[in-house]
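Peer 1: Coordinates for the following, if possible.
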Amino acid sequence: MATQEKEKKLEIINFVSKTNDSGLINAIHDFLQDFSEGGDFWDELSDKEKIRIEEGLEDIREGRVTPHEEVKDKYGL
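Peer 2: Okay, here's the model as predicted:
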């Protein structure tokens with residue numbers, strides 16, 4: 001295992017062990033449970049959500065997008 005991966009693992013372990021944020025702990029737990037079960041978020045989406053995602057991907061493929069910097073400028077971010 002690469003040294004960087006070991007360092008990342010230790011960083012994650014240390015972070016989780018020190019947090020008292022129950023929402024974060026539950027979110028990590030749920031993620032790990034879904035990951036270990038081989039779940040795919042796509043299966044959890046409604047048909048309407050899947051259609052909207054596909055439409056968004058088609059917009060990207062067709063170049064119907066607004067650059068991030070342009071959106072930030074528009075909203076003063």
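
Peer 1: Please, which helix or strand holds Glu11?
Peer 2: helix 3-18 (DSSP states H and E).

Peer 1: what comes up buried for the very next helix or strand once past that helix?
Peer 2: Sequence-wise, the next helix or strand downstream of helix 3-18 (DSSP H and E) is helix 22-36. By 16 or more other CB atoms under 10 Å, helix 22-36 has no buried positions at all. To be clear about C-beta, it is placed using only N, CA and C from the backbone, and glycine gets the same treatment.

Peer 1: Output the below-cut-off pLDDT ranges for this protein.
Peer 2: By pLDDT under 70, the low-scoring segments of the chain are 1, 38-39.

Peer 1: then the helix holding Glu11 to CSV, C-alphas only?
Peer 2: Written as CSV, here are the backbone C-alpha positions of helix 3-18 (Å, rounded to 0.1, in the frame of the first residue of the first chain):
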residue,chain,number,x,y,z
THR,A,3,2.4,5.7,1.9
GLN,A,4,-0.1,8.4,0.9
GLU,A,5,-2.9,5.9,1.2
LYS,A,6,-1.8,4.9,4.7
GLU,A,7,-1.6,8.6,5.7
LYS,A,8,-5.1,9.2,4.4
LYS,A,9,-6.4,6.2,6.3
LEU,A,10,-4.9,7.4,9.5
GLU,A,11,-6.2,11.0,8.9
ILE,A,12,-9.7,9.6,8.4
ILE,A,13,-9.5,7.4,11.5
ASN,A,14,-8.2,10.2,13.6
PHE,A,15,-10.9,12.6,12.4
VAL,A,16,-13.7,10.2,13.0
SER,A,17,-12.4,9.2,16.4
LYS,A,18,-12.3,12.8,17.5
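
Peer 1: Touching that helix from outside, list them.
Peer 2: Under the contact criterion CB atoms under 8 Å, 6 or more residues apart in numbering, helix 3-18 has outside partners Ile25, Ile28.

Peer 1: before we move on, what SS does Lys72 have?
Peer 2: Classification of Lys72 using DSSP: H, G, I helix; E, B strand; the rest coil returns helix.
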